[in-house]
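# Sequence and computational prediction follow.
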Amino acid sequence: MKAPKRWIETQSGSTALERALLSPGLNVEVPAGVEDRIWASLTAAAPVVATGALAAHAAQGAASKVPLSVIAKAFAIGAASGALLTGGLSALEPARIAVHAAPAPSSAPPSSVRAKRPAGSPVPSSAASVVVEAVPPPAEHSPAAPARERTRAPEQVPRWSAVASEPVSVAPPPVAPPGSRLKEEAATLRQARAALRRGDLPGASAALEVARSQFGNGALGEEREALTIELLVRSGQHAAADARAAAFLRSFPNSPHAAHVRSFASEPQ
Amino acid sequence: MVSPAPLTPPVTPVLEQIYREHFHFVWRSLRRLGVPEADLADAVHDVFLVVQKKIDGFEGRSAVTTWLYSICMRLASDLRRSSRRTREVLGADGDGIAGEQTTTVCEQRQELELLDALLDELPLDQRAVFTCYELDGMSGEQIAELLEIPLGTVWSRLRLARERFRRSASRLRARQDFRPRGSVVTP
């Protein structure tokens, strides 16, 4: 069956009322700081294991055979939150743009990027045509964490609300979140994935370039490389994608992304 | 300040990686599945608590997001049941938006809450497909993979969800002269 037009589009068979009802739902905002606060409440109750057998085992179990497209899909969803809401509607009109994933001019160091493509002009074919603009970090008003009493059965681990409702703990946790760098890196890759999902290849290229320049040795390097290979495939540069995929598989034969990269490399599309 | 409870699973770098990579996904999925804004932080916390406990048993046969989404579905389903009970206790019409409640909803809630009320009328599996497709712009194939269902099932659930959503919207219009952009004017 052919995919039906989405109701948010006009001429999709939806009524104006239905579109009006749906449109407020396109955006899902995440209050600033809540990610770190929830993480703090999770870590506050549990011992932290830095590395070791358990971590390695968990890494193997949790990540093996994870199709990149699905991870990316997650971010296609997540991307519409916060500053990057463009995804929802832009995804409706996938651009068929040839874009070179070769290193773009590295004059774009902001940690957060959004590629702007002139509407209806599927012309740009070089990374230089990608306009990168800085998007300030989500600065939505951040009301004090809701200190709601919950009536559900108590957990053995303090719930987020319980932690947040303690007068002292409402402030940021005393222990600085260890993963702020990782968080930024993940956010940048999230943007790249989201751009890729909605067909915004220049946007994906720009975000990946930022990830490369800002987090060259980051923890998510494999993922960045896998996304780059996907970008190459989707922009029709199969030879480059194959070469890069081969290098990837040599360097990271046991990567959770290996299977996906392999499938990409052999895809004739 | 660290007070490890007995049996509390450890925080591993893998957990943090999953958390950082998928926090937004989980937040958004729970919201899409009807967890009220005020309960979202707790619900996200609960999802990752499950992840923390079960991470060793996760064999990677499905994608991480599929696993996370299934946890979100279960949690949303539990919350939905408990809020249904509350509604019943309060004497609200079990058949969704009705009578007095509609007026209250339309006059006092924001547009988003109105949408939530309509989505609440969908069975959860239809709501999942409907929101992924209509609001998140995912393709049918992506949804099939996320929910681990056949593509045909995606389209049939979408069709059913659309029909039901349309009925609810029509009922809303029949009751009230709904005007987009938030103003609802009673005749």
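On my side now, so go ahead. Keep in mind the model is a prediction, meaning the values are calculated, not measured. Residues are numbered from 1 along each chain as shown, chains lettered A, B, ... in the order given.

# pLDDT at residue 90, what is it?
All of this is about chain A. Residue A:90 carries a pLDDT value of 33.

# The chain in question should be chain B.
With respect to pLDDT, residue B:90 scores 40.

# next one: residue A:167
So, for residue A:167, pLDDT stands at 40.

# just residue B:165 next, same as before
96.

# and the helix or strand hosting it, how far out from the chain's middle?
In this structure, residue B:165 sits in helix B:151-175 according to DSSP states H and E. Averaging C-alpha positions (C-alpha atoms, centre = their mean, to the nearest Å) puts helix B:151-175 16 Å from its chain's average.

# Now do it: which elements does it pack against?
Other elements packing on helix B:151-175 under the criterion 3 or more C-beta pairs under 8 Å, 6 or more residues apart in numbering or on different chains; DSSP states H and E are helix A:16-22, helix B:99-108, helix B:111-119, helix B:124-130, helix B:140-147. To be clear about C-beta, it is placed using only N, CA and C from the backbone, and glycine gets the same treatment.

# if you set the cut-off to 7 Å instead, what comes out?
Contact analysis of helix B:151-175 by 3 or more C-beta pairs under 7 Å, 6 or more residues apart in numbering or on different chains; DSSP states H and E lists helix A:16-22, helix B:111-119, helix B:124-130, helix B:140-147 as its packing neighbours.

# Save the ones you listed as JSON lines, and put in mean neighbour count, distance to residue A:220 and mean pLDDT too.
JSON lines is the format used below for the helices and strands packed on helix B:151-175 (neighbours: other C-beta atoms under 10 Å in any protein chain shown; distance: least, C-beta to C-beta, whole Å; pLDDT from 0 to 100):
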{"stretch": "helix A:16-22", "mean neighbour count": "19", "distance to residue A:220": "33", "mean pLDDT": "89"}
{"stretch": "helix B:111-119", "mean neighbour count": "20", "distance to residue A:220": "33", "mean pLDDT": "86"}
{"stretch": "helix B:124-130", "mean neighbour count": "22", "distance to residue A:220": "28", "mean pLDDT": "97"}
{"stretch": "helix B:140-147", "mean neighbour count": "20", "distance to residue A:220": "21", "mean pLDDT": "94"}
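
# Residue A:204 is nearest to which of the ones you listed?
helix B:140-147 (16.2 Å; C-beta to C-beta).

# relative to helix B:151-175, how tilted is the closest one?
Angle, helix B:140-147 to helix B:151-175, by axes from the mean of the first three to the mean of the last three C-alpha atoms, to 10 degrees: 100 degrees.

# now check helix B:140-147, is it near chain A?
Yes. Against chain A, helix B:140-147 shows contacts by C-beta under 7 Å from any C-beta of the partner chain at B:140, B:142, B:145, B:146.

# what's the closest of the residues you listed to residue B:37?
Using C-beta to C-beta, residue B:146 comes nearest to residue B:37 of the residues of helix B:140-147 next to chain A, at 23.0 Å.

# Verify the contact between that closest one and residue B:70 for me.
No. Using C-beta atoms under 7 Å, residue B:146 is not in contact with residue B:70, being 9.4 Å away.

# Find the residue at the geometric middle of chain B.
residue B:33 (0.5 Å; C-alpha atoms, centre = their mean).

# Show me where chain B dips below the pLDDT cut-off.
Chain B contains residues with pLDDT under 70 at B:1-11, B:83-110, B:176-187.

# Break it into its domains for me.
Annotated domains of chain B cover B:9-85, B:106-177 [automatic domain parsing].

# Just say which of those domains is most tucked in.
domain B:9-85 (a mean of 21; mean count of other C-beta atoms under 10 Å in any protein chain shown).

# Have a look at the chain and report its longest helix.
With no chain named, the answer covers chain A. Counting by DSSP state H, the longest helix found in chain A is helix A:180-197.

# Chain B is the one I meant
Chain B, longest helix under DSSP H: helix B:64-90.

# Is any residue of that one near chain A?
Yes. Applying C-beta under 7 Å from any C-beta, one finds helix B:64-90 in contact with chain A at B:64, B:65, B:66.

# And those, which is closest to chain A?
residue B:65 (4.1 Å; C-beta to the nearest C-beta).

# picking that back up, how about the helices and strands packed on helix B:151-175 in a markdown table, adding distance to residue A:221?
Listed next are the helices and strands packed on helix B:151-175 as a markdown table, based on distance: least, C-beta to C-beta, whole Å:
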| stretch | distance to residue A:221 |
| --- | --- |
| helix A:16-22 | 38 |
| helix B:111-119 | 38 |
| helix B:124-130 | 33 |
| helix B:140-147 | 25 |
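
# which stretch among these comes nearest residue A:222?
So among the helices and strands packed on helix B:151-175, helix B:140-147 is nearest, using C-beta to C-beta, at 20.8 Å.

# which secondary structure elements does that closest one contact?
Secondary-structure packing of helix B:140-147 (3+ C-beta pairs under 7 Å, 6+ apart): helix A:68-78, helix B:64-90, helix B:151-175.

# how about the nearest residue to residue B:31, chain neighbours excluded?
Excluding its sequence neighbours, the residue lying closest to residue B:31 (C-beta to C-beta, 6 or more residues apart in numbering or on different chains) is residue A:28, at 5.0 Å.

# now swap in residue A:240 and tell me
Of all residues not flanking residue A:240 in the chain, residue A:232 sits nearest, at 5.0 Å (C-beta to C-beta, 6+ apart).

# My guess is the one you found contacts residue A:242. True?
No. Taking contacts as C-beta under 7 Å, residue A:232 lies outside contact range of residue A:242: 8.8 Å.

# the more surrounded of these two?
Each of residue A:232 and residue A:242 has its neighbours counted (other C-beta atoms under 10 Å in any protein chain shown); residue A:232 has more, 26 against 16.
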